Structures are given as C-alpha cells and as structure tokens.
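Colleague: Predicted structure and sequence below. I'll ask about it afterward.
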Amino acid sequence: MIRFVLPRIFTGQGVSDGKAHPLTYRDFLAFASAILCLASFGVAQVSYTVRPVREQFPKTTIGTVSHTTTFILTNTGTTNLTVESMTLAPSEFQLVTGWSPNTASPGKSLALGVNFVPDAAKTFNGQLTLYITGASSLVLPLRGTGLTTTAVASLSTPLLTFSAQSLGTSSSQSVTITNVGTSPFTLESINIDPPFTVQGFTAPATVLPAGSLPLTVTYSASTVGTSNNAMVLSYDVLPPNAVALTGIATPASSFVITNFPTLPAATVSSPYLASLTASAGTLPYSWSLPPGSSLPTGLSLSSTGTISGNLDPGVSIGTYTFQVAVTDSSAPPLVATASVTIPVGPVTGANCSNISWNVAGTSTPMVALTDLGFGNYLGSEGGLYPDGSNTRPLESDAAGLAIANSIQPLDANGNLDPNGKYGLISIGESNTSNTYAQFTINANADPSKNSHLVIVKGAQPTAPAAKFADPNDGVWNAIFQFFLPQVGLTPNQVVAAWVQAVNAFPTGKFPTDMMQEQSQLESIAQNLHTKFPNLKLAYFTSKFYDGYDNGLPHPRYPEPYAYETGFAVKWSIQDQIDGDPALNYDPDEGTVKAPWMTWGPYEWSNGLLGRNDGLIWTCQDMTSDGVHPSRPGGWEKDANIILNFFKTETTATPWFLQH
C-alpha cells in the first residue's frame, strides 16, 4: 500500500505533537480533496486550510469520553468562506463545538470540536464532512477504538451529611473507594470546593483489585446556613462518580474565628486582599499575629482584620500557613486563635493587579446587586428583583413553584411518560459552555440528581447573545442536529434552560449597552418557547467579575460591563413581572410567548473585595485573558455554584433532585 506522511497538529490543545503520522490511501484522498479545493477554486478566491486533516482518537473505555479534538478551518482566500452544512457519523463521534451555516471572513477561522464516545469494544471509523459554498465537500476522517474494563470503583457511601455545627468548628467523615472489579484503575483527580476539603489522596492513586483508598472529608462551618457540594472523583478508565456533600452551620456559641481555613488564593508579585472574620464576641475586635507567626513577605494584617499588600517578588508559588489572633472588647477580653493558609499561585497573564473595581471616576467600590438593595448604580436601583429586593415577588414565586411541580417525564413527542425523561439546556457563549461542561460532569456524577433529568449543552464558544437572539441563526442548528440527539432527547423533552448570554466589545455606555442586551435576552426567552414547546422555566445569570480583563490588549468584557450585565438580566425579568405581553408565560393571561423567567445564580462579586456572603473571585480563578474560568479550579468553582443553585432553588428541586 502507498503511504503518505504529513505533520499532524492537535489544535484543540494548541500544540504540535511533533510527530509524523502515516496516512492510509483513504485519508490521502480526503487530504488531496482539500488541496484540490485550494487549487480549483483559487480563481473564485475560495481557499482554506484545515488542521488537523484527520484524527486518531486515543483508545477510550466504554462509558467515558475522549479528549476533544478541534478542527480549525482557516479562510486563506479573499472572500467569505461559508460552511453551509455538515454531517458527522457514526454516532460514537459527537460534535462539541461549531455550527452551520457559519461564515469566516478572510483570515479568520472556524472551530469544530469532536469527541469520541465509544459504546462497544471495537474500532470505529467515521468522518466529519463539511459542505462549503463554492467548493467541494471537505471530508475529515475519524478513527477511535473502544475498550472494556473489568475495574469497578465502589464508594462506601453516596452521601455525607454533616450534622449542624456552630461557626468556626469543623468535623470529618470517612469515605472509602474500593475496587470490586478484577483489573486496576487509577484515581486521577478529586474536585471539591469550600467549605469542604479532602485528605488522604495524592494524584494519581492506583487501586488494585480488592484494594481500597480511604479518604477523609472535612466540613468547616464558615457561613451560617446549608452548604451543598459534590466531591467528584475522576478515573483513567472509568466514568466519574461523586459523593454528595451537605453541611449545616449554626451561629457560634462562643467567641471564635469563622474564616474557612484556606484564604483566597494570591498571585506572585501581585496585590492581595482578604478579610478575617470572627463571631460571638463583643465588638469591636482587634486582630494580630501571635509571636512567631508571620505573613508572606509584602503582606500585613491590620487591627481590623484585613490582610493586604503586594506580595514581594521573592515569595514563590506554594502554600503559606500562619496563626492569627483576635481579641474582643469584653472585660476581661476574650481571645481566639486559628491557623489559616494562603495559597500563592503563578502569574496567569491576566491583569492580577485589578483585585477590585470602583465606580468610574470615583473611589467608591462597585457593589453587587444583591448587596446594593435600595441603593443605585448610575441611577439604577439594585437588588435582583423590583424595589431593591433579592426575593421574587410572591405572585411570580407561586407561579414558578406551580410550574416546577408540574414537570414530569416526557416521551419523544412530549407526552407524559413515567419512563420518559426531560432536559435542562444551556444557552450562551464560551464561559457558559466551559462551566456547563464541568457542571454536566458534576451533576451526572451526583447521586442526588433526578434519574429522569438529562443535561444537554446548547452554549458554544464564540456564540454571543446576539446569535441566540436571532431565531434563524445557525447556532440553533447544532442543538437540533447534534446536541439533542447525542444525549437522546427531542426538542419536546426540554423543560428548562440556564442562560448566561452576553456580547463582547461593548461601547462603554450605560444604560445603552444593557438596554440592547436586555432586548436580546428577551428575544432569547421567546426563542426558547418557540423552539422547545415544553420549556417552562428559564434561569438567567449575568457575568462574573471581569476586572482581571481590564488593561489587557483586547479586553472582552471589561468592568464595569461585566457588572452591568446584571441590570440587563434584572430588567428582562422585571418586564415579565410587570406583565409585558411579549413575555407572557401564563395561558390564562393570553398567548404564551416565553417561559417563566427568574434569576439563576448571581455570580458577580467585586474581585478579592468580595461581597457580603463571602463570594470572591481571585486571579487564579481566571485564565490568561482574565475572562474565562481557569481549569480545573475556576471551572469547578463556577460549576459547583450552579450545582448548589439547582439543588437548593425552590423552583428547581422538584425536578432536579431525586425524590
């Protein structure tokens, strides 16, 4: 057989593997077809390059998902290049990103991401075919092999519930992972977020048949109320599983420091800010460092409990643990001490100096809508709902609860079926897509998720609100042609949506930018109703903190734009509450035009300055662009915020949780 050797690039990872790979005659024909396109359509100025030209996926265990390979189609011509449509077969190869029709202007590129999800122990040959206007179809060969494993990971418990405990205290419980199969598996990572931590694991950890790995999970009560989380365990040859975590914190019964033991992460050679908290003492408090305890060089502790300063260039990446002490004003005074840790991470490429943000032209910090209340920002009132409130109006809340309780499993035609299912879909751009991908893993691994619920993606990179606001945009086609069938759903079975949709490169004018975005969000709501006839609930989330984006060469959502997106969401929901017929969800009030709309998790917080409930965003939570959540830390943090929301939101628990 004649064999041809060409360089291969894993563009999904952005690096070359540095190897030459042999092409079969079939592969060569596909590649030659692309080359001929470049030549034969040169006169018409339709030309392009594509990398890689084929994909050999690594061997993948049944029930798991391969890495994503991203094919980059670059327009090298002088006229627009349009992918009119595409096909992907067989079903073991699944589209992750990309849609059609979609157009790349000269010099620009389109990205098409594909996963391999085997369902049998065999080799699968497939192809991604792109139909390009003015050119021959482009065929990209795919190949992957499915494997079986006899490894079985068994958890000693699917749920850990920590009994109510007072602020500033901690307790621990054990979880054991046992291999009840006949071949080994490797635990590659454990993802867990505050106020929970895990001990007893160093990655990677191989568990032999009949072997076990004991873990200790600790809950530190740092905020009054209930905390829900999922400890997600990821393996080499097995799908993830998880332990659902619940902890309850009650007010402190004695004077105690209440911070979570690990403070927000710092960044080398960058400013830092953290606030220490205590409870059950007599105000005011006075903070200090006990003898022999010291902070990382460049930081200092004020008597009011603020750790601030700039990390000295000599402070290296690592963890820094020290003691803090607080004295109250009683007579005689009470004293509490605690050990706390500051993790220090590397420079990310984002503008890590922007640890908080002020209202333009002032020294007044921007305040999260949830804390702003009756206050205002540039003339617009705070709060998530009308009248500065963070609580849904009673009538809207009652309607949402009634709808939530009416959701039942559906068959493919949308009829009630006790053996059917229903879907939750995401709508938005890359941030939404990244976070939702991790949320999908976490939720599917969480044993408390309703077995009828199917989580399906709709969000995509480079798909801003304006695209989803257009009912005819190609971004919708990927949902119906690929994303829904890939998880076994029909449009009739989608009942709820999480929407985090914004637009890049704003004009910097408030409220003009947000009025435009408000209009787009309302159009998205109408499109959801039209395209998914049984979609009854829509949860909207605005952007999180993007101050680390400011000052970079090409900022996308610089503050205060990210903050201001909260008003676009607030005003959209308020229009429905105020009875706008274009957003009517109640058939008793006329023609239904939209689902019932409400806030999803409100995620904006002023960097390290934070907000009243303790949520902060560090530079370590972001990638080098200061916009996207970092992986794994930022993805996990954001995904667990969403997971906690759906596990506690009163209009979600009836259908999200197992009953």
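Modeller: Arrived safely.
Colleague: Count the residues that sit near residue 282.
Modeller: A count of neighbours around residue 282, defined by other C-beta atoms under 10 Å, yields 12. (C-beta placed from N, C-alpha, C; glycine too.)
Colleague: give me the element it is part of.
Modeller: If you go by DSSP states H and E, residue 282 is not part of any helix or strand.
Colleague: Would you list the phi and psi of it?
Modeller: For residue 282, the backbone dihedrals are phi -100, psi 120 (criterion: degrees, to the nearest 10).
Colleague: any idea how far it lies from residue 255?
Modeller: As judged by C-beta to C-beta, to the nearest Å, residue 282 and residue 255 stand 8 Å apart.
Colleague: shared neighbours, those two?
Modeller: 328, 334 (C-beta atoms under 8 Å, 6 or more residues apart in numbering).
Colleague: What residues are bridge-paired with the residue nearest to residue 446 when sequence neighbours are not counted?
Modeller: Nearest residue to residue 446, sequence neighbours excluded (C-beta to C-beta, 6 or more residues apart in numbering): residue 230, at 4.6 Å. On the basis of DSSP bridges, residue 230 is bridged to residue 244.
Colleague: residues near residue 230, how many?
Modeller: Around residue 230 there are 29 other residues, counting by other C-beta under 10 Å.
Colleague: Next: residue 245.
Modeller: 25.
Colleague: ditto for residue 257
Modeller: Residues near residue 257, counting by other C-beta under 10 Å, number 25.
Colleague: Spit out the contact partners of it.
Modeller: Residues counted as contacts of residue 257 (C-beta under 8 Å, 6+ apart) are 168, 276, 277, 278, 324, 326, 336, 337, 338.
Colleague: and if you look at residue 110?
Modeller: Applying C-beta under 8 Å, 6+ apart, the residues near residue 110 are 72, 73, 81, 83, 98, 102, 104.
Colleague: Restricted to strands, list the contacts of residue 257.
Modeller: 278, 324, 326, 336, 337, 338 (DSSP state E).
Colleague: helix or strand right after whichever helix in the chain runs longest?
Modeller: In the chain, assigned by DSSP state H, the helix with the most residues is helix 512-531. Using DSSP H and E, the helix or strand that directly follows helix 512-531 along the chain is strand 537-540.
Colleague: name the helices or strands packed onto that next one?
Modeller: Under the contact criterion of 3 or more C-beta pairs under 8 Å, 6 or more residues apart in numbering; DSSP states H and E, strand 537-540 touches helix 394-406, strand 494-500, helix 512-531, helix 561-577, strand 596-599.
Colleague: The same query, at a cut-off of 6 Å, please.
Modeller: On a contact count with 3 or more C-beta pairs under 6 Å, 6 or more residues apart in numbering; DSSP states H and E, strand 537-540 meets strand 494-500.
Colleague: Greatest separation within the ones in strands among the contacts of residue 257: which pair is it?
Modeller: Between any two of the ones in strands among the contacts of residue 257, the greatest separation by C-beta to C-beta is 10.6 Å, found for 278 and 337.
Colleague: The two: who's more crowded?
Modeller: Legend: neighbour count by other C-beta under 10 Å for residue 278 and residue 337, higher for residue 278 (24 against 13).
Colleague: what domains does the record give for the protein?
Modeller: Domain ranges of the chain: 4-147, 153-250, 256-345, 369-656, per automatic domain parsing.
Colleague: Highest mean neighbour count out of those domains?
Modeller: domain 369-656 (a mean of 20; mean count of other C-beta atoms under 10 Å).
Colleague: can you give me the offset of it from its chain's centre?
Modeller: Centroid separation for domain 369-656 versus its chain: 11 Å, with C-alpha atoms, centre = their mean, to the nearest Å.
Colleague: Straight-line length of it, end to end?
Modeller: Using C-alpha to C-alpha, to the nearest Å, one end of domain 369-656 lies 27 Å from the other.
Colleague: All further residue positions should be reported with the first residue as 805.
Modeller: With the count now opening at 805, the last piece we talked about shows up as domain 1173-1460.
Colleague: now that domain: mean pLDDT?
Modeller: Summarised as a single mean, pLDDT over domain 1173-1460 is 96.
Colleague: Present the domains of the chain as CSV; the columns should include distance to residue 1156.
Modeller: Shown next, in CSV, are the domains of the chain (distance: least, C-beta to C-beta, whole Å):
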stretch, distance to residue 1156
domain 808-951, 22
domain 957-1054, 21
domain 1060-1149, 4
domain 1173-1460, 4
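Colleague: Could you check these and tell me which one is nearest residue 1161?
Modeller: Nearest of the domains of the chain to residue 1161, taken as C-beta to C-beta: domain 1173-1460 at 4.4 Å.
Colleague: Name the SS class of residue 1160, please.
Modeller: Secondary structure state of residue 1160, per DSSP: H, G, I helix; E, B strand; the rest coil, is coil.
Colleague: Please name the nearest non-neighbouring residue to it.
Modeller: Once flanking residues are discounted, residue 1160 sits nearest to residue 1413: 3.8 Å by C-beta to C-beta, 6+ apart.
Colleague: what pairs with the residue nearest to residue 1108 when sequence neighbours are not counted across the strands?
Modeller: Excluding the flanking residues, the one nearest residue 1108 by C-beta to C-beta, 6+ apart is residue 1091, at 6.8 Å. Bridge pairing for residue 1091 (DSSP bridges) gives the partners residue 1130.
Colleague: Can you tell me how far residue 1315 is from residue 1057?
Modeller: Counting by C-beta to C-beta, the gap from residue 1315 to residue 1057 is 47 Å.
Colleague: helix/strand/coil for the spatially closest residue to residue 986 that is not a sequence neighbour?
Modeller: Spatial nearest neighbour of residue 986, excluding adjacent residues (C-beta to C-beta, 6+ apart): residue 954 at 4.3 Å. Secondary structure, three-state DSSP: residue 954 is coil.
Colleague: who's in contact with residue 954?
Modeller: Applying C-beta atoms under 6 Å, 6 or more residues apart in numbering to residue 954 gives the contacts 985, 986, 987.
Colleague: centroid residue for the chain?
Modeller: residue 1239 (1.3 Å; C-alpha atoms, centre = their mean).
Colleague: Is it located within a strand, as I assumed?
Modeller: No: read with three-state DSSP, residue 1239 is helix and lies in no strand.
Colleague: Out of the contacts of residue 914, flag the one nearest to residue 1045.
Modeller: Nearest to residue 1045 among the contacts of residue 914: residue 902, at 30.2 Å, using C-beta to C-beta.
Colleague: residues touching the closest one, list them.
Modeller: With C-beta under 6 Å, 6+ apart, residue 902 has these contacts: residue 916.
Colleague: about what we covered before: surely the residue nearest to the centre of the chain and residue 1442 touch.
Modeller: Yes: with contact defined as C-beta atoms under 6 Å, residue 1239 and residue 1442 form a contacting pair (4.4 Å).
Colleague: the helices in the stretch 1355-1463 of the chain, which residues?
Modeller: For the stretch 1355-1463 of the chain, the helices defined by DSSP state H, counting those that start in this stretch occupy 1365-1381, 1437-1452, 1457-1460.
Colleague: between those, which gets nearest to residue 1005?
Modeller: helix 1437-1452 (15.2 Å).
Colleague: Model confidence for the residue nearest to residue 986, exactly?
Modeller: 97.
Colleague: Now for the contacts of residue 1061: which two are most distant?
Modeller: The distance between the two most remote of the contacts of residue 1061 (C-beta to C-beta) is 14.1 Å, for 1081 and 1141.
Colleague: Can you tell me what sits against stretch 1401-1421?
Modeller: 1027, 1068, 1077, 1159-1160, 1169-1170, 1172, 1174-1175, 1188, 1204, 1302, 1329, 1342-1345, 1348-1349, 1351, 1367, 1370, 1377, 1380, 1445-1446, 1449.
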